[in-house]
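Colleague: Below are the sequence and a predicted model; questions follow.
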Amino acid sequence: MKPHTHSQGDIFLVAQIAAAISVISFFYHLQNGNVLLYGDAVAHINIARRVFDSRTPGPLQLGTVWLPLPHLLILPFVISKKMWQTGIGGSIPSLFGYVLSVVGVRRLMRTVLSGSVAEEKSARFAGWLAVAIVALNPNLIYLQTTAMTEPLYLPFFIWAIVFFASAIRGCRSSELVEANSDLVKCVFCLLAACLTRYDGWLLATVVVVVAFVLAFMGRFGALKPGVIKLALLAAAGPALWLAYNAAVYRNPLEFANGPYSATAIEMKSHAPGTPLHPGTQDLSVAFRYFFKSAELNLAPGHGAVFWACALLLGTAIVVLFLRKLWPLLLLWIPVPFYMFSIAYSGVPLFVPSWWPFSLYNVRYGIELLPAFAVFTAIAAYALMRFVASARVRVGMAIAFLALVAASYVQAFREQPVSFEEAVVNSRTRVALEKQIASILHTLPAGTKFLMYLGDHVGIFQRLGIPLSHVINEGNHRPWKQPLDPDGLWEKALADPSSYADIVIAFDRDAVASAVNQAELTPILVLHVTGQPPATIYRTTKSNQTR
């Protein structure tokens, strides 16, 4: 049976509401200087920018570790210098992602709950409740104003499940053409997810395996044509990325075990004799930290109890009573992905209430928001169907809305945890970048720089200095590793006076470790608590032309 036609109007209204929230929150955070707080957001914007603004422009500037689709989506919007400097260009894809996520949740609820007219009111309430939980979430409202990849991944994740659930439903109702068409739509969402975040690789694997089991071993044989396309295209994303890394870095797993991987970065920054991050080699602890981060993205303090209970109740209802809704269980996929990432891939996640009592990667918990929203709505739907009294059903609806509102009001009042993470971790970085920028601002236009851009590319973005004026670690040929004697980066380190006017080195970075200091004259050393000392040099070439 097809969903009721008035639901189309619901979806249009949801899109309008989501767009309004998105735009209002974006201008608020832009005005308050919050769009570029995350260092990763700044990095994503500048990876996109350097594809065309670099001494060696081209697709190799996409680098490794981070998947390419977010940067390709940002790229057209940062051609404008103004949109690059302000971060607006990096925010635009995330704003669209937020709207598509909210609409996707409404469509998902419509797909799995549409049925008889007698159940229509409860189903519509559940759909709107799920929409409210996602659309009004304080952490997602902030994150979608930034260039972070979490809000960009969510729509691909949600819509992949929407189309997969729709395909299963269509097969049950003998609408086989539509079912296979939905599988094809699902695969394009999976492909996009696989090129946005590594979460998508597990999502694609699980969906393909489940689809194969259903089509070749179950009663969904009519889906075989769509399932074959699903498998081939879903594998294309990871295959392309592995091939890119193999061709450029001579290592298909460069993103996982190379010098810029999460594991390598942790080992480099790890002090001997101190424990690694919580959850290392321990799946149970990794689960606790990730689930706690997910709760904190819904509500601080004791408000998380309601969300955990609603999530588990909704899941139990699907498993025990509403088994036709089993595709919704795919919303749990972030849990095993982050458990294994924390335990075995060097991915730290810190929450303020547990050791080491700080904030780091807490935003990862936002990936479980769709599960919280949908299963809470399923719990409300099932409980409302269980009772006969209309008055009791209204009371239940009010209770769920009140608990959601109370959680979110408390989160806004105490400051959303993902926003707090951005603020806390940006203070010393931004302070150092402002100091360096104030010095570089006095230099003449056209000054050439040599600097490792990994952590502080925001200096040049802040000033609007083209990245083509900065020789950096991206200006060489990675396939010539470990050294590229003919590469611009290596040449500039060996003979900086021939290539740059100003050299900026941070303690123990690639420039400080490898540059020929015989050709440098130190100007200034900057110290900011929590950041490595920064030394600004003039080259002998610069000294001679003064």
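Modeller: Here it is on my side, so go on.
Colleague: Quick check: phi and psi at the closest residue to residue 355 other than its chain neighbours.
Modeller: Nearest non-adjacent residue to residue 355, counting by Cβ to Cβ, 6 or more residues apart in numbering: residue 278, 6.4 Å away. C-beta: built from backbone N, CA, C; applies to glycine. Backbone torsions of residue 278, given as degrees, to the nearest 10, read phi -60, psi 140.
Colleague: Could you pull up the contacting residues of residue 278?
Modeller: Residues near residue 278 by Cβ atoms under 8 Å, 6 or more residues apart in numbering: 285-286, 289, 348-350, 354-356.
Colleague: Repeat that for residue 423.
Modeller: Applying Cβ under 8 Å, 6+ apart, the residues near residue 423 are 34, 37, 415.
Colleague: follow-up on the earlier one: just the closest of the contacts of residue 278 to residue 99, please.
Modeller: The closest of the contacts of residue 278 to residue 99 turns out to be residue 349 (Cβ to Cβ; 27.7 Å).
Colleague: right, and that closest one touches residue 364 too?
Modeller: Yes - Residue 349 lies in contact with residue 364 (Cβ atoms under 8 Å); the separation is 6.0 Å.
Colleague: any shared contact partners between the two?
Modeller: Among the neighbours of residue 349, those also in contact with residue 364 (Cβ under 8 Å, 6+ apart) are 290, 293, 338.
Colleague: Nearest to residue 409 among those?
Modeller: Among the shared contacts of residue 349 and residue 364, and counting by Cβ to Cβ, the member closest to residue 409 is residue 293, at 20.7 Å.
Colleague: Where in the chain is the helix or strand with the lowest mean pLDDT?
Modeller: The helix or strand of the chain with the poorest confidence is helix 540-545; it has a mean of 64 (mean pLDDT, DSSP states H and E).
Colleague: Please check the contacts of residue 278 and keep the buried ones.
Modeller: 285-286, 289, 348-350 (16 or more other Cβ atoms under 10 Å).
Colleague: pLDDT at residue 5, what is it?
Modeller: For residue 5, the pLDDT comes out at 51.
Colleague: surely residue 270 meets residue 264?
Modeller: No - using Cβ under 8 Å, residue 270 is not in contact with residue 264, being 10.6 Å away.
Colleague: which residues touch residue 315?
Modeller: By Cβ under 8 Å, 6+ apart, the contact set of residue 315 is 329, 332, 375.
Colleague: Ok, residue 171 next?
Modeller: 179, 220, 222-223.
Colleague: so how far is residue 13 from the residue lying closest to it once chain neighbours are set aside?
Modeller: Ranked by Cβ to Cβ, 6+ apart and with sequence neighbours excluded, the top spatial neighbour of residue 171 is residue 179, at 4.5 Å. Note on residue 179: its distance to residue 13, by Cβ to Cβ, to the nearest Å, is 28 Å.
Colleague: who's more crowded, these two?
Modeller: residue 179 (22 against 13; other Cβ atoms under 10 Å).
Colleague: where's that one, which helix or strand?
Modeller: For residue 179, the host element (DSSP states H and E) is helix 176-194.
Colleague: what does that helix contact?
Modeller: So helix 176-194 is in contact with 67, 69, 153, 156-157, 159-160, 163-164, 166-171, 199-201, 203-204, 207, 211, 222-223, 225-227, 229-230, 233-234, 236-238, 241, going by Cβ under 8 Å, 6+ apart.
Colleague: The helix or strand just after it to helix 176-194, inter-axis angle?
Modeller: Of the helices and strands lying after helix 176-194 in sequence (DSSP H and E), the nearest is helix 199-217. With axes from the mean of the first three to the mean of the last three Cα atoms, to 10 degrees as the basis, helix 199-217 and helix 176-194 are set at 150 degrees to each other.
Colleague: So residue 450 lies in a strand, does it not?
Modeller: Yes - Residue 450: assigned to a strand according to DSSP: H, G, I helix; E, B strand; the rest coil.
Colleague: Return the residues in contact with it.
Modeller: So residue 450 contacts 470-472, 492-493, 496, 499-500, 502-504, 511, 515 (Cβ under 8 Å, 6+ apart).
Colleague: Looking at neighbours, which among these is most surrounded?
Modeller: residue 503 (31 neighbours).
Colleague: And the pLDDT at the residue lying closest to residue 293 once chain neighbours are set aside?
Modeller: Leaving aside its chain neighbours, residue 293 sits nearest to residue 365 (3.3 Å; criterion: Cβ to Cβ, 6+ apart). Predicted confidence (pLDDT) at residue 365: the value is 98.
Colleague: What spatial separation is found between residue 365 and residue 131?
Modeller: 20 Å.
Colleague: Quick check: phi and psi on the residue nearest to residue 466 when sequence neighbours are not counted?
Modeller: Using Cβ to Cβ, 6+ apart and skipping the chain neighbours, the partner closest in space to residue 466 is residue 53 (5.5 Å). Dihedral pair for residue 53: phi -110, psi 90, per degrees, to the nearest 10.
Colleague: quick one, what contacts residue 53?
Modeller: Applying Cβ under 8 Å, 6+ apart to residue 53 gives the contacts 466-468.
Colleague: any chance of the residues you listed in a markdown table, plus pLDDT?
Modeller: Formatted as a markdown table, these follow (pLDDT from 0 to 100):
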| residue | pLDDT |
| --- | --- |
| 466 | 98 |
| 467 | 98 |
| 468 | 97 |
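Colleague: So which of those wins on neighbours?
Modeller: Counting by other Cβ under 10 Å, top hit in the contacts of residue 53: residue 467 with 25 neighbours.
Colleague: Helix or strand: which one has residue 248?
Modeller: Per DSSP H and E: helix 224-249 holds residue 248.
Colleague: List the buried residues for that helix?
Modeller: For helix 224-249, burial by neighbour count (16+ other Cβ under 10 Å) applies to 226-227, 230-231, 233-235, 237-238, 241, 244-245, 248-249.
Colleague: same thing with stretch 82-96?
Modeller: 83-96.
Colleague: Looking at the residues you listed, which is nearest residue 46?
Modeller: residue 84 (8.2 Å).
Colleague: what does the model give that closest one for pLDDT?
Modeller: On the pLDDT scale, residue 84 gets 98.
Colleague: And the spatially closest residue to residue 198 that is not a sequence neighbour, how far from residue 237?
Modeller: Closest residue to residue 198 in three dimensions, ignoring its sequence neighbours and counting by Cβ to Cβ, 6+ apart: residue 67, at 7.1 Å. Remark: distance between residue 67 and residue 237 (Cβ to Cβ) = 8 Å.
Colleague: Need the overlap of contacts for those two.
Modeller: Common neighbours of residue 67 and residue 237 (Cβ under 8 Å, 6+ apart) are 194-195.
Colleague: Tell me which stretches of this structure form strands.
Modeller: Assigned by DSSP state E, the chain shows strands spanning 449-451, 470-471, 502-506, 520-526, 534-539.
Colleague: and residue 380, which of those is closest to it?
Modeller: Taking the strands of the chain one by one with Cβ to Cβ, strand 502-506 is closest: 52.1 Å.
Colleague: any idea how far the residue nearest to residue 293 lies from residue 507?
Modeller: Residue 365 is 33 Å from residue 507, by Cβ to Cβ.
Colleague: Could you check which of the two has the larger neighbour count?
Modeller: residue 365 (27 against 13).
Colleague: The more buried one touches residue 289, doesn't it?
Modeller: No - if you go by Cβ under 8 Å, residue 365 and residue 289 don't touch, sitting 9.4 Å apart.
Colleague: Nice, that's everything, thank you.
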